[in-house]
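A.B. asks: Could you look at this predicted model? Sequence included:
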Amino acid sequence: MPYPVINSPSLNNSIGETHDLWTFCTLKSAFSDADVRGFTDIVDHKLYLEIGGVQPSSSVAATSLLYLADSDAGFPTLDSNAAPAIIGSVIYCENTNLIVVQEVPTALISSAGMTAGVVTKRGASGTGISASKNLCTSISCTGLDLESGADTHTFFLHTIWKSKTI
């Protein structure tokens, strides 16, 4: 017996639009703490790392690798020089209403040192959403020390969020 399909315009409008994003993330470790880097394959998704002992800041010059465009990201102290490495993640979407899930699937990690990625919501009051409606989280990379050698570590970050439709 098939299940009935519920089609309710009022329910659909009140829930908002659901977004499902898979981001390919790359971390480059190095022997020097000034040479660690983090990249994604999505222009509006940035990874933030401690570089040379310096934390990302919204007051650093816009040309710097450490420039944090959302001052409400609420990152903890990011750490590159000890396991677990702690990195920051901001998806600049400016429309987040609710984070449904953000996860690092263990089976999709390619790394000699990283065995898991534990995501923690940051942003305003730890909701994962900044005042600018961006998605802000930190990722604890279990087993990874970004200053232990010149290697490349990759993983996918899966994010589902809702935005209110107007």
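C.D. replies: It's in.

A.B. asks: got a list of what Lys118 touches?
C.D. replies: Not quite, residue 118 is Val, not Lys. Remark: with contacts taken as CB atoms under 8 Å, 6 or more residues apart in numbering, Val118 is in contact with 84, 104, 139-140, 142. (C-beta placed from N, C-alpha, C; glycine too.)

A.B. asks: okay, it: pLDDT?
C.D. replies: Note for Val118: predicted pLDDT of 98.

A.B. asks: again, but for Lys164
C.D. replies: Per-residue pLDDT puts Lys164 at 75.

A.B. asks: just Ser59 next, same as before
C.D. replies: We have a pLDDT of 86 for Ser59.

A.B. asks: That one: neighbouring residues, count only.
C.D. replies: 8 (other CB atoms under 10 Å).

A.B. asks: check which helix or strand covers the spatially most central residue of the chain.
C.D. replies: Nearest to the mean C-alpha position of the chain, by CA atoms, centre = their mean, lies Ser89 at 2.7 Å. Using DSSP states H and E, Ser89 falls within strand 85-91.

A.B. asks: next structured bit after that strand?
C.D. replies: Assignment by DSSP H and E places the next element after strand 85-91 at strand 98-103.

A.B. asks: Tell me the buried residues in the helix or strand just after that following strand?
C.D. replies: Heading C-terminal from strand 98-103, the first helix or strand you meet, by DSSP H and E, is strand 116-121. Under the neighbour-count criterion of 16 or more other CB atoms under 10 Å, strand 116-121 has 116-117, 119, 121 buried.

A.B. asks: who's in contact with Thr115?
C.D. replies: Contact analysis of Thr115 by CB under 8 Å, 6+ apart lists 106, 109, 142-143.

A.B. asks: For the strand holding Ser89, name the packing helices and strands.
C.D. replies: Helices and strands touching strand 85-91, by 3 or more CB pairs under 8 Å, 6 or more residues apart in numbering; DSSP states H and E, are strand 17-28, strand 45-48, strand 135-142.

A.B. asks: distance between that strand and the chain's centre?
C.D. replies: Centroid displacement of strand 85-91 relative to its chain, using CA atoms, centre = their mean, to the nearest Å, is 5 Å.

A.B. asks: relative to strand 135-142, how tilted is that strand?
C.D. replies: Between strand 85-91 and strand 135-142, the angle comes out at 160 degrees (axes from the mean of the first three to the mean of the last three CA atoms, to 10 degrees).

A.B. asks: mean confidence score for strand 85-91?
C.D. replies: For strand 85-91, mean pLDDT is 97.

A.B. asks: Enumerate the positions of that strand that are buried.
C.D. replies: Of the residues in strand 85-91, 85-91 count as buried by neighbour count, 16+ other CB under 10 Å.
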